[in-house]
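S.K.: The following block contains a protein sequence and its predicted model.
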Amino acid sequence: MLKTDFPFSHLVVIHYHWRPGGVRKVIELTLPAILRSAPKDLNKLTLLSGSPPSEHPLIDGFAGQVAIRPVPALDYFSEQSREPDSIARSIRKALSAVILRKEAERTLIWFHNPGLARNAILNQEVIKFCQKSGSTLILHHHDFWCAGRWSRWQEMERCGWDTLEKAAGITLGGTDRSVQVTINLSDFKSLAGAMGSRVFHLPNPVVRPQRVSPSRIGNVKKWIEQELETSSPIWVCPTRFLRRKNLLEAILLARWLRPDAVFVTTSGKASGDELPYARMIKEAAEKGGWNVKFGILDKPGAPRVDELLRVAEVALLTSVQEGFGMGFVEASASRVPLIARAIPDVMPDLEALGFRFPHLYPEVFIAPSLIDVLAESDRQNRLRLRVKGDLPSVLASRFQPAIMDLEQPIAFSRLTWQGQLEVLNRSPRSAWEECRCLNPVLEKIPTSLKSLETSPWPSSGIQSPSRYAKAFWKIANAAAHSSPTNPDLVLLAQSRLIDRGLCPAAFFPVQAERSYWNPV
């Protein structure tokens, strides 16, 4: 048990939802260890979210009182049908019901992903509640709205946060008993450079799954063959439908490098504002006769993600943006060869933990002959104007994405979705022949499939759940004794994040969020 000089008695974990994803995974991995190492006075745990968890492995072994409270008003703002004032009242009522006045000062609220601003009303109500009640607050950031998620700005404007100062206050402001936590070093440097000691770096935990027996592996293979009605090799992308996962690039790689493989995703689910993207991909796959299966693990009785990875021939990770990159860790843990984009914001953290990935590529480069370059140039110009219009007016002049030279090899991730589909609808064999010399890392893969290296598990330096839990309670104790941050420093921290979000390298059409249901 960790020694702490603040006697927390109640831990409240807040997240928008319990759908499969990286944040849920972090909570699942760490909460048991956090509870085991908690202050002796901790006797109550509440999970507060917009949807209930499908199962309750999070709370096994905790002897105290447990409450699981699904409150739809906490879910993404894009999932709401009510007006902001009504949403706020529901959240306010839920917080008051969960955290009694007499225990508020000994309550620790662990709030996940407030910087993403998927429901800024929730941010407002949590911060106001803590200011009024004296509860301690950890604002745990996995992503940020100003890292290319510009449609969040329209949502904040609709709710009354229509200046950058207000946006900073609602996503990074906190209270006099609060701290900020980041999961990667890039975000930590941006925030800590402005807000100093009120910012902590807490890398996600990494856990190697228990060994899976040969008989279980055999059963998993049989299950997959029955689901797919084939014994063909599978290439797995462990994700649900999310734009930033850049799924068309993963499908392209599978079609180019292993045409007889089945490309599968672990989940076929999507939040409301991702549904048009999911629909576009599903319709293109059906029309093109692609060998794909979305959401193979969505049905009852399906194997675990790590079991699926263990029987896959290859794992694919093609994200253009990640907060930490848990998929990299899962591939290493499952001993499956990984072909992945090298994501600048997360590779330093993974390397610091001791991970090495032998099949990283910078971009998938495309020969200009594979697309209609004039049509793509027109789409790109109109898309840039639209994104510029989505930005806060004070930032519009700073949005200067690189102008693509369509006479040179083109990065697939920088194409509009229409341009990406043009490439995918080409014969995989002939398209690959035109592009293989442009992609030296990938060029070697088709001839070495049986000998692809896996990513070795680090021998030391791992952030285990127990180590994570000890760091967590130290941060909680610091939060309980912290003082308010100057609003100018909060604004400066946001400005540093915005600078990164507006740099030319940060612009990917796949994240221009309206383009799937309002085609350019």
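M.R.: Happy to help now that I have it.

S.K.: Now Ile410. Nearest residue, chain neighbours left out?
M.R.: The shortest distance from Ile410 to any non-neighbouring residue, by C-beta to C-beta, 6 or more residues apart in numbering, is to Ile366 (4.7 Å). C-beta here means a position set from N, CA and C on the backbone, and glycine is covered the same way.

S.K.: can you tell me how far that neighbour sits from Ile445?
M.R.: To Ile445, Ile366 is 17 Å away according to C-beta to C-beta, to the nearest Å.

S.K.: who's more crowded, those two?
M.R.: Per other C-beta atoms under 10 Å, whichever of Ile366 and Ile445 has more neighbours is Ile366, with 26 against 20.

S.K.: I figured the residue nearest to Ile410 hits Arg436, correct?
M.R.: No. Judged on C-beta atoms under 8 Å, Ile366 makes no contact with Arg436 at a distance of 11.4 Å.

S.K.: What's the separation between the residue of the chain positioned farthest from its centre and Ser133?
M.R.: The outermost residue of the chain relative to its centre, with distances by C-alpha atoms, centre = their mean, is Lys102 at 36.1 Å. Applying C-beta to C-beta, the value for Lys102 to Ser133 is 10 Å.

S.K.: Next, the contact list for the nearest residue to Pro72 once chain neighbours are set aside, please.
M.R.: Distances taken as C-beta to C-beta, 6+ apart place Gly50 nearest to Pro72, at 5.6 Å, with adjacent residues excluded. By C-beta atoms under 8 Å, 6 or more residues apart in numbering, Gly50 lies in contact with 16-17, 70-76, 79, 119.

S.K.: Check what pLDDT Gly50 gets.
M.R.: Here, the pLDDT recorded for Gly50 equals 94.

S.K.: need the next SSE after the lengthiest helix in the chain, C-terminal direction.
M.R.: Using DSSP state H to define each element, the chain has its longest helix at helix 373-390. The element immediately downstream of helix 373-390 (helix or strand, assigned by DSSP states H and E) is strand 410-411.

S.K.: contact partners of the helix or strand following that next one?
M.R.: Proceeding N to C from strand 410-411, the next assigned helix or strand is helix 417-424, under DSSP H and E. The contact list for helix 417-424, computed with C-beta under 8 Å, 6+ apart, reads 248-249, 251-252, 255, 280, 284, 288, 290, 366, 370-372, 375-376, 379, 412, 415, 431, 509-510, 515-516, 519-520.

S.K.: thinking again about what came up before, tell me the mean pLDDT for the longest helix of the chain?
M.R.: The model assigns helix 373-390 a mean pLDDT of 90.

S.K.: Give me the packing partners of that helix, helices and strands only.
M.R.: Where contact means 3 or more C-beta pairs under 8 Å, 6 or more residues apart in numbering; DSSP states H and E, helix 373-390 is packed against helix 151-158, helix 417-424.

S.K.: Go through the ones you listed and name the closest to Ala478.
M.R.: helix 151-158 (28.4 Å; C-beta to C-beta).

S.K.: Taking helix 373-390 as reference, get the angle to the closest one.
M.R.: Interaxial angle, helix 151-158 versus helix 373-390 (axes from the mean of the first three to the mean of the last three C-alpha atoms, to 10 degrees): 30 degrees.

S.K.: For the remainder of this discussion, apply numbering that starts at 218.
M.R.: Sure, I'll start counting at 218 from here, so that last one is helix 368-375.

S.K.: ok so, going back, distance to Arg558 and pLDDT for the contacts of Gly267 - can I get that in CSV?
M.R.: Formatted as CSV, the contacts of Gly267 follow (distance: C-beta to C-beta, whole Å; pLDDT from 0 to 100):
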residue, distance to Arg558, pLDDT
Tyr233, 26, 96
His234, 26, 92
Pro287, 35, 94
Val288, 36, 96
Pro289, 35, 96
Ala290, 36, 97
Leu291, 32, 97
Asp292, 30, 96
Tyr293, 26, 94
Glu296, 29, 90
Asn336, 29, 96
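
S.K.: Let me know the closest of the residues you listed to Ala548.
M.R.: Of all those, Ala548 sits closest to His234, with 24.9 Å by C-beta to C-beta.

S.K.: tell me the SS of that closest one?
M.R.: Using DSSP: H, G, I helix; E, B strand; the rest coil, the three-state assignment for His234 comes out as coil.

S.K.: cool, and Phe417?
M.R.: Quick answer, by three-state DSSP: Phe417 is strand.

S.K.: where's it relative to Lys242, distance?
M.R.: The value you get for Phe417 to Lys242, if C-beta to C-beta is used, is 20 Å.

S.K.: Could you do Arg428 as well?
M.R.: For Arg428, the distance to Lys242 equals 20 Å [C-beta to C-beta].

S.K.: Have a look at those two and say which one is more surrounded.
M.R.: Neighbour totals were compared for Arg428 and Lys242, and Lys242 leads with 19 against 8 (other C-beta under 10 Å).

S.K.: who touches the more buried one in this structure?
M.R.: By C-beta under 8 Å, 6+ apart, the contact list for Lys242 reads Met543.

S.K.: and after the host helix or strand of it, which helix or strand comes next?
M.R.: For Lys242, the element it lies in under DSSP H and E is helix 239-253. Per DSSP H and E, the first helix or strand lying C-terminal to helix 239-253 is strand 261-266.

S.K.: which residues sit against the helix or strand just after that following strand?
M.R.: Using DSSP H and E, the helix or strand that follows strand 261-266 towards the C-terminus is strand 282-287. Applying C-beta under 8 Å, 6+ apart, the external contacts of strand 282-287 come out as 260-270, 273, 276, 311, 314-315.

S.K.: how about a cut-off of 7 Å?
M.R.: Contact partners of strand 282-287, identified using C-beta atoms under 7 Å, 6 or more residues apart in numbering, comprise 260-270, 276, 311, 315.

S.K.: By neighbours, which of those wins?
M.R.: Comparing these on neighbour count, Leu265 comes out first with 25 neighbours (neighbours: other C-beta under 10 Å).

S.K.: for that one, what are its contacts?
M.R.: 229-231, 286, 288, 291, 311, 315.

S.K.: again, 8 Å this time
M.R.: 229-231, 286, 288, 291, 311-312, 315.

S.K.: which residues of the protein score low on pLDDT?
M.R.: By pLDDT under 70, the weakly predicted segments of the chain are 218-222, 271-278, 678, 730-737.

S.K.: ok so, going back, ok, of the contacts of helix 634-641, which come out buried?
M.R.: Neighbour-count burial (16 or more other C-beta atoms under 10 Å) applied to the contacts of helix 634-641 gives 465-466, 468-469, 472, 497, 501, 507, 583, 587-588, 593, 596, 629, 632, 648, 726-727, 732-733, 737.
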